[in-house]
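S.K.: starting from these lines, generate the structure:
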Amino acid sequence: MLKRFTISIEEDLLDDFDTFMQQHHYKNRSEAIRDLIRARSVQNEWAADKDVMGVITLVYDHHRHQVQDKITELQHDYHHEIVSTTHVHMDHNNCLEVIIIRGKAAEVQKLADNLIALRGVRSGKLAMSSTGEHLH
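M.R.: Alright, predicted model coming up:
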């Protein structure tokens with residue numbers, strides 16, 4: 001069920017919001033506001049250590065001593081949180097690992113931090129998401 005509400009907002013802030021909408025290709029303000037509220041809801045789930053989902057992306061030099069072994073070992077240590085892993089050979093030296101994870105936010109964050117901090121990982125990022133149970 002949709003509810004309609006009205007807000008008051010400073011003109012400059014509304015101009016910034018309209019620019020944001022255009023940059024992100026929203027068709028209307030309602031869709032943009034709904035997405036911002038959902039994003040805050042996801043942040044709250046993570047802060048409350050609820051069951052969450054996420055994606056860890058790693059770019060690493062596979063020639064770096066034992067980096068792939070350490071990545072695999074950490075994944076085995078957190079096997080209950082790992083849903084799926086994809087490994088891509090980017091070029092002769094670099095690999096991309098994409099790891100879909102699910103579990104308590106603190107454990108998921110800990111796994112991501114441990115993987116990203118490994119020597120030989122050139123780039124790493126955790127994209128936080130929700131299980132969808134609390135999003136409408």
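S.K.: just the helices in the protein please.
M.R.: In the chain, helices defined by DSSP state H lie at 11-23, 29-47, 67-77, 105-116, listed in chain order.
S.K.: possible to save those helices as CSV with mean neighbour count, distance to residue 98 and mean pLDDT?
M.R.: Quick note: C-beta positions are derived from backbone N, CA and C, even for glycine. Converted to CSV, the helices of the chain look like this (neighbours: other Cβ atoms under 10 Å; distance: least, Cβ to Cβ, whole Å; pLDDT from 0 to 100):
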stretch, mean neighbour count, distance to residue 98, mean pLDDT
helix 11-23, 11, 26, 95
helix 29-47, 14, 19, 91
helix 67-77, 15, 12, 95
helix 105-116, 18, 12, 96
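S.K.: just put these in TSV and tack on distance to residue 129.
M.R.: Formatted as TSV, these follow (distance: least, Cβ to Cβ, whole Å):
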stretch	distance to residue 129
helix 11-23	21
helix 29-47	6
helix 67-77	19
helix 105-116	10
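S.K.: out of the ones you listed, which is closest to residue 95?
M.R.: Taking Cβ to Cβ, helix 67-77 is the member of the helices of the chain nearest to residue 95, at 7.5 Å.
S.K.: the closest one vs helix 105-116, what angle?
M.R.: Helix 67-77 and helix 105-116 are oriented at 170 degrees to each other (axes from the mean of the first three to the mean of the last three Cα atoms, to 10 degrees).
S.K.: show me what helix 67-77 is packed up against.
M.R.: strand 51-61, strand 94-104, helix 105-116 (3 or more Cβ pairs under 8 Å, 6 or more residues apart in numbering; DSSP states H and E).
S.K.: good, we can wrap up now.
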